[in-house]
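Undergrad: Build me a structure from this.
(one chain, ligands or ions: 1)
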Amino acid sequence: MSDDYEIRRFPAASKGEAGYPDAESWVKAVAFGFHESTRTPAHVAKSLETYAADRRIFTGAYQTREVAPGSLPAEVPVATFGTLRKTLNIGFGRLLETQLVTAVTVRTSHRRRGLLRRMMSEDLAMAKDDGLAMAALTASEGSIYGRFGYGVASFERTVKVDTTARFRLNHHAVGTVDVADPRVLLDLAPVVFDCVHRLTPGSIGRQDWYRQLASGSLGREGKEDPAVKAALHYGPDGAVDGYVSYKFLGWDTEPYTMQVVDLVAATNEAYLELWQFLAAIDLVERVTWEEAPLDDPLTWALADPRCIDSSDSRDMLWLRILDVAQALEARHYPVDGRLVLEVQDPLGLTAGTFAVDVSGGEAAVVRLEAAQDPDLTLDVSALSSIYLGAVSPVTLTAAGRIREHTQGAALRARGMFAVERATHCLTHF
Ligand SMILES: CC(=O)SCCNC(=O)CCNC(=O)[C@H](O)C(C)(C)COP(=O)(O)OP(=O)(O)OC[C@H]1O[C@@H](n2cnc3c(N)ncnc32)[C@H](O)[C@@H]1OP(=O)(O)O
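TA: You can find the predicted model right below:
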């Protein structure tokens, strides 16, 4: 296989820059891989502008042999693999630089020849060599990434909230909400998001595009979305500490529905009060949001929690620890204790037996040279799953994903890996 393809890596380029034609072909190949209708040149140019702002690196596999007459030319990659680096909140306000993997596609006529395996293995090894301890992605299918050491570490759900007279929140507002010109979010959204990012375990730093989405400047269709409206939440001190952008789905959608485009609240009060605002919008009977948390304070603040209809919860963030000692030492732990972990790694990046000694919330992690009896044996994907506290080691033990050699060690791990508030990631990438 290695003779048939050449792997090339290059940075995203904006229109007018030298690498633009290659970057354009790469983006079109991604769009093709995800069955998007052909992106217009203007949409591609806008996407590339935001990708360049995020300093994305594009990896492509290119055919080295002559292509079949009439088929796509050799400069169109047969496989794509995109990366960018952002921080991940790993609990208690700590941020860890993370390799984000995105835009993975392999053209149908070249699939199952090991192209994904090759690009993934090489990229993770390079990220580790570069000093990174963590990689992350969101998955199109649940069956692909476990084999590379990724594990599900956060969840999200779609909610449909009944905002008729049935909607009553047990909450007395401490701030106010007012409607704003959505374009103010071009500047404000990153500022508010940054507060949320520092507060929320599982949060990933956002790409440049999010402020454009929230402000209606660049919708998912690749153009301005004039339907987007926005409201800001002002805390008791008058400062903006939350916003929601939303759009009406039209009079043909019944019940009449408002769809949340983005909802970012930096305080508990801002979150509930933005919901109070959404529920108060006249002529609307339902509000939907596709990125709601599973462990949602809204449920518990509602007089009737059954106002929330949610049958669709799903995995969101998949993590992949690249360096066990570095990742575990980066975390803060709410409970002191000692665990000896035998970690297996299908890519051989970070396998070994590690003694984790936590004192005063800080971990000292030592790789044990001689085989020592572990408390737990687990694959790096299981360790990545429990890392953010959203997946219980006790449950993974029950599932056979963790082997417990010392009775009670999984429960001890659950306490040690707990985080200070519900894990949730508002960033898709
Ligand atoms: C982070 C993201 O971007 S998520 C989006 C992922 N992309 C998509 O879903 C787009 C459509 N799918 C595709 O483009 C391709 O089928 C890909 C990228 C999923 C797989 O690419 P391929 O080059 O065919 O994978 P490759 O040949 O390297 O296979 C590696 C292993 O994964 C397995 N595998 C690949 N795809 C799948 C799948 N969809 N489901 C289950 N197993 C899979 C292969 O069987 C192989 O297993 P093995 O090594 O244990 O024998």
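Undergrad: now residue 38: how far from residue 44?
TA: 10 Å (Cβ to Cβ, to the nearest Å). From N, CA and C alone the C-beta is placed, and that goes for glycine too.
Undergrad: Between the two, which contacts overlap?
TA: residue 28 (Cβ atoms under 8 Å, 6 or more residues apart in numbering).
Undergrad: okay, these two: which has more neighbours?
TA: Taking other Cβ atoms under 10 Å, residue 38 and residue 44 do not tie; residue 44 has more neighbours (21 against 10).
Undergrad: So for that one, what's the nearest residue that isn't a sequence neighbour?
TA: The shortest distance from residue 44 to any non-neighbouring residue, by Cβ to Cβ, 6 or more residues apart in numbering, is to residue 27 (5.2 Å).
Undergrad: and that neighbour, what does it touch?
TA: Listed by Cβ under 8 Å, 6+ apart, the contact set of residue 27 reads 39, 44, 47-48, 51.
Undergrad: What's the PyMOL line that selects buried ones from these?
TA: Buried residues within the contacts of residue 27, by 16 or more other Cβ atoms under 10 Å, are selected in PyMOL with:
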select buried, resi 39+44+47+48+51
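Undergrad: can you redo the contacts of residue 27 as TSV with pLDDT?
TA: Output for the contacts of residue 27, formatted as TSV (pLDDT from 0 to 100):
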residue	pLDDT
39	80
44	92
47	91
48	95
51	95
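Undergrad: which two from the contacts of residue 27 end up farthest apart in space?
TA: 39 and 51 (12.8 Å; Cβ to Cβ).
Undergrad: what does this protein have sitting close to the ligand?
TA: 33, 101-106, 111-117, 137, 139-141, 143-144, 147 (Cβ under 6 Å from any ligand atom).
Undergrad: Just the buried residues of the residues you listed.
TA: 33, 101-106, 113, 115-116, 137, 139.
Undergrad: These in strands, which ones?
TA: 101-106, 137 (DSSP state E).
Undergrad: can you map out the strands along the stretch 201-350 of the chain?
TA: For the stretch 201-350 of the chain, applying DSSP state E, counting those that start in this stretch gives strands covering 229-234, 240-248, 257-265, 286-292, 308-315, 318-321, 337-344.
Undergrad: can you list the domains in the chain?
TA: Following automatic domain parsing, one finds the domains of the chain at 5-132, 156-314, 324-379+394-416.
Undergrad: Mind checking the pLDDT average for the shortest one?
TA: Read it as domain 324-379+394-416. Domain 324-379+394-416 carries an average pLDDT of 97.
Undergrad: ok, whichever residue of the stretch 251-400 of the chain sits closest to the ligand - contacts?
TA: Nearest to the ligand in the stretch 251-400 of the chain, going by Cβ to the nearest ligand atom, is residue 318, at a distance of 8.1 Å. With Cβ under 8 Å, 6+ apart as the criterion, the residues that contact residue 318 are 136-139, 145, 150-153, 384.
Undergrad: switch to 6 Å and redo it
TA: Going by Cβ atoms under 6 Å, 6 or more residues apart in numbering, residue 318 touches 137, 139, 145, 150, 152.
Undergrad: Likewise for residue 202?
TA: Going by Cβ under 6 Å, 6+ apart, the list of residues near residue 202 reads 154, 388, 423-425.
Undergrad: Tell me which residue of the protein is furthest from the middle?
TA: Centroid-distance maximum for the chain: residue 69 at 40.5 Å, with Cα atoms, centre = their mean.
Undergrad: so which strand or helix has it?
TA: Of the helices and strands defined by DSSP states H and E, none includes residue 69.
Undergrad: gap between it and the ligand?
TA: The spacing between residue 69 and the ligand, counted by Cβ to the nearest ligand atom, to the nearest Å, is 24 Å.
Undergrad: Look at that residue and report its pLDDT.
TA: On pLDDT, residue 69 comes in at 94.
Undergrad: Contact partners for it?
TA: Contacts for residue 69 (Cβ under 6 Å, 6+ apart) come out as none.
Undergrad: what's the answer for residue 310, then?
TA: For residue 310, the contact set (Cβ under 6 Å, 6+ apart) comprises 157, 159.
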